[in-house]
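Engineer: I would like the atomic coordinates for the input below:
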Amino acid sequence: MKIKTHEPKVKPSDEGGPSSPPEEATQVLSKNITCSYGIHRGSFPIAGMKGKDARAVLKKLIKVDDKAAMVINGEVFDENEVISESVKMVSFVKPSAVKGAAFGDTITIEDAHVKMSGKQCQVDKFCDVVSKNTVSGMSETPIPDNVKWIVRAGKLEVCILELKPELRRVKWVKEVAGRARRSAKQDEDGYEFRKLATPYVVMSVPFFGGQLHPNVELFYRNTPLSKLDDKLYHCNLLNVSMGKRVTGNSGFKTWVCTQYLDTSGCTAPADVLSEIISHIFGGGFNRSSDNSEGASGFSTYEAANGDPRTRNVEKWEEASEKNPRFVLDMDWIDAKATPRDLIEFRMKQFGAASAPTTSKAIGNILMASKFLV
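Structural biologist: Have a look, this model is predicted:
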């Protein structure tokens, strides 16, 4: 059946503008599409026409503004495309009325500004908006247990872990007057087993390029982390280095040696994190940090005249067996750091920015990604 494509006569609406074709025209034109712009609305034979041709016709009929966007099915329509016969409605709206629509074919990034449709914003704000409107977190493996935050910036990835309070069975070196002494509880390696309670243990574990970076840090808290700016406190553990060789000019608050950590069998970051926890609490606690880095968490707590129950290992074990949660009432030494500080320090250390701030920075990222073709 042939479809007439002549312009139907339009009778004025009560509001003063064109409204819709007379009923007899509607009956003849079987492939009309309802069109609207502002207070104007009508049914017109635009199916099968290119969007720009339909606009030319409708400009006369319902006074479509040249700057108004053509919207079909909630999306801005490419007016070089043909309007399908299945379309039921075509709307014309002002650019500001379409959420997320990009009006203009060109986005220009110049120095620190992004320009589009006569407007501009800062490059970092543009990247932030794009990031927030991009799906993330669809990794092949789930988020590891005990992880509170995973912060990524380029090749850098910082994991903030939190271990719950626990009565731990650990291997602790036995000393008298600074020299190791064997005891009935001691194993063949020169350690004895102790049952020691620990409060919430917070760890910062950085990865770079998918590989563990040997800058693991460890802290205490009496309550669980609830925000990035929560305070952290120094621990009272051996093997957690706190000497001047660590804290002097490095910027580190603490340091856990991972030199002998074997991650060869790990296939995912979750496996590495589990190995770190086992390495710390499953290995032997000794005086290596005091001898190599100048001080450990335990000797620092001793020197600060901390609570007698937790600066002497025998009393620590005795108090732990009586009430494992007594450690949640301790006045631990303020580390003057927060999870945010740890993350920002790592970002500074590796030259990672929270977002690109210039066109050059975006260009460097694109070149490194090898996505440009």
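Engineer: Distance check, the spatially most central residue of the chain against residue 160.
Structural biologist: In the chain, the centroid-proximal residue (C-alpha atoms, centre = their mean) is residue 151; its distance is 5.0 Å. As for residue 151, its distance to residue 160 is 8 Å (criterion: C-beta to C-beta, to the nearest Å). No exception for glycine: its C-beta is placed from N, CA and C like everyone else's.
Engineer: Quickly list what's touching both of the two.
Structural biologist: Shared contacts of residue 151 and residue 160 (C-beta atoms under 8 Å, 6 or more residues apart in numbering): residue 343.
Engineer: Which secondary structure elements does the top helix by length along the chain sit against?
Structural biologist: The helix spanning the most residues in the chain, taking DSSP state H as the definition, is helix 269-282. For helix 269-282, the packing partners by 3 or more C-beta pairs under 8 Å, 6 or more residues apart in numbering; DSSP states H and E come out as strand 156-163, strand 200-208.
Engineer: Could you check how far the host helix or strand of residue 168 is from the centre of its chain?
Structural biologist: Per DSSP states H and E, residue 168 falls inside strand 166-173. Relative to its chain's centre, strand 166-173 lies at 34 Å (C-alpha atoms, centre = their mean, to the nearest Å).
Engineer: same for that strand, what does it pack against?
Structural biologist: strand 191-198, strand 284-285, helix 313-322.
Engineer: Output the ones you listed as JSON lines; include the columns mean neighbour count and distance to residue 257.
Structural biologist: Listed next are the helices and strands packed on strand 166-173 as JSON lines, based on neighbours: other C-beta atoms under 10 Å; distance: least, C-beta to C-beta, whole Å:
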{"stretch": "strand 191-198", "mean neighbour count": "19", "distance to residue 257": "17"}
{"stretch": "strand 284-285", "mean neighbour count": "19", "distance to residue 257": "12"}
{"stretch": "helix 313-322", "mean neighbour count": "16", "distance to residue 257": "20"}
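Engineer: Relative to residue 298, how far out is residue 168?
Structural biologist: Counting by C-beta to C-beta - residue 168 and residue 298 are separated by 14 Å.
Engineer: From residue 319, how far off is the residue lying closest to residue 69 once chain neighbours are set aside?
Structural biologist: If the residues on either side of it in the chain are set aside, residue 69 comes closest to residue 76, at 5.1 Å by C-beta to C-beta, 6 or more residues apart in numbering. As judged by C-beta to C-beta, residue 76 and residue 319 stand 68 Å apart.
Engineer: what's the average pLDDT for stretch 191-202?
Structural biologist: Mean pLDDT, stretch 191-202: 95.
Engineer: brain fart, stretch 293-303
Structural biologist: For stretch 293-303, mean pLDDT is 91.
Engineer: got the buried residues for it?
Structural biologist: For stretch 293-303, a neighbour-count test (16 or more other C-beta atoms under 10 Å) marks 293-301 as buried.
Engineer: Distance to residue 108 and secondary structure added to those residues, as CSV?
Structural biologist: Shown next, in CSV, are the buried residues of stretch 293-303 (distance: C-beta to C-beta, whole Å; DSSP: H, G, I helix; E, B strand; the rest coil):
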residue, distance to residue 108, secondary structure
293, 52, coil
294, 55, coil
295, 55, coil
296, 56, strand
297, 53, helix
298, 59, helix
299, 59, helix
300, 55, helix
301, 58, helix
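Engineer: residue ranges with poor pLDDT in the stretch 251-373 of the chain?
Structural biologist: For the stretch 251-373 of the chain, residues meeting the criterion pLDDT under 70 lie at 251, 369-373.
Engineer: Residue 198 contacts residue 219, correct?
Structural biologist: No. Assessed by C-beta atoms under 8 Å, residue 198 is found out of contact with residue 219, at 11.2 Å.
Engineer: any residues in contact with both of those two?
Structural biologist: The overlap between the contact sets of residue 198 and residue 219 (C-beta under 8 Å, 6+ apart) consists of residue 235.
Engineer: can you tell me how far residue 198 sits from residue 321?
Structural biologist: Distance, residue 198 to residue 321, using C-beta to C-beta: 14 Å.
Engineer: hmm, I was thinking of residue 57
Structural biologist: Applying C-beta to C-beta to residue 57 and residue 321 gives a distance of 88 Å.
Engineer: same deal with residue 311?
Structural biologist: 17 Å.
Engineer: in stretch 152-169, what counts as buried?
Structural biologist: 153, 156-163, 165, 168.
Engineer: contacting residues around residue 358?
Structural biologist: 111-112, 123.
Engineer: List buried residues within the residues you listed.
Structural biologist: Listed as buried from the contacts of residue 358 are 112, 123; burial here means 16+ other C-beta under 10 Å.
Engineer: Reformat the contacts of residue 358 as CSV; add pLDDT and secondary structure.
Structural biologist: What follows is the contacts of residue 358, written out as CSV (pLDDT from 0 to 100; DSSP: H, G, I helix; E, B strand; the rest coil):
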residue, pLDDT, secondary structure
111, 83, coil
112, 84, coil
123, 82, helix
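Engineer: how many neighbours does residue 257 have?
Structural biologist: Residues near residue 257, counting by other C-beta atoms under 10 Å, number 18.
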